[in-house]
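Colleague: Give the three-dimensional model of this entry:
(one chain, ligands or ions: 2)
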Amino acid sequence: MKVYIGSLNPTKVEAVKEVFFQDDVTGVEVESKVAAQPFSDEETLEGAVNRARECAYMKKSEIGIGLEGGVMEIDGDLFLCNWGALVDRKENMYRASGARIPLPEEIQKGLETGRELGELMDVYAKKANVSKDEGAIGVFTKGQIKRAEMFSHVVKLLKGQWEHDNQN
Ligand SMILES: O=P(O)(O)OP(=O)(O)OP(=O)(O)OC[C@H]1O[C@@H](n2cnc3c(O)ncnc32)[C@H](O)[C@@H]1O
Ligand SMILES: [Mg+2]
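Modeller: Numbering: from 1, shown residues only. Ligands and ions are numbered 1, 2, ... in the order given. Prediction:
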């Protein structure tokens, strides 16, 4: 089965390859059509759905997957939020979200000035490309849950729902 994932970020591509291990998985760059830094559950989910739709419309695609990272507010605190969407050939859509943790105040302040989380995390962790590696979730959980594992839970939730509806 041909599966497209709408990103070239290794944490996202890895997660889909791990869960769809029997399938032919390809990462492709597509537009999320939302802000580079989504600021709510709704906007983050919309980015995931847009990516999944674009992937599902690709030639020979049986399944398109979109994964999107963002932040959302609860009572003045910003939490990491991540959403995934799966669109199949019949245009059925499945959605799922990932684990969330609050972000420290200094990161919240940086986000509020319009900077992207990926950029802020590199400054915080004093290294490059945190978003392509352990991610903010990995940094703030001391590596207990890294970005690829968090996304793999989301992809399992998507695949499982799709399989539930397509069982014989
Ligand atoms: O190439 P794409 O697929 O866009 O990968 P990305 O890393 O930019 O991921 P998103 O667009 O889904 O995430 C939106 C923004 O939030 C950042 N981000 C989200 N989750 C993160 C995490 O766990 N660690 C570091 N940055 C994160 C990311 O770098 C972007 O600036
Ligand atoms: Mg991005």
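
Colleague: got the contact list for Gly118?
Modeller: The contact partners of Gly118, by Cβ atoms under 8 Å, 6 or more residues apart in numbering, come to Val130, Ser131. From N, CA and C alone the C-beta is placed, and that goes for glycine too.

Colleague: give me the element Cys55 is part of.
Modeller: helix 41-56 (DSSP states H and E).

Colleague: neighbouring contacts of that helix?
Modeller: By Cβ under 8 Å, 6+ apart, helix 41-56 touches 4-7, 28, 30-35, 38, 61, 63-70, 72, 81-89, 91, 93, 95, 97.

Colleague: Among these, name the ones that also lie close to ligand 1.
Modeller: Intersecting the contacts of helix 41-56 with the contacts of ligand 1 gives Ser7, Glu68, Gly69, Gly70 (criterion: Cβ under 6 Å from any ligand atom).

Colleague: which of the residues you listed are buried?
Modeller: Among the ones next to ligand 1 among the contacts of helix 41-56, those buried by neighbour count (16 or more other Cβ atoms under 10 Å) are Ser7, Glu68, Gly69, Gly70.
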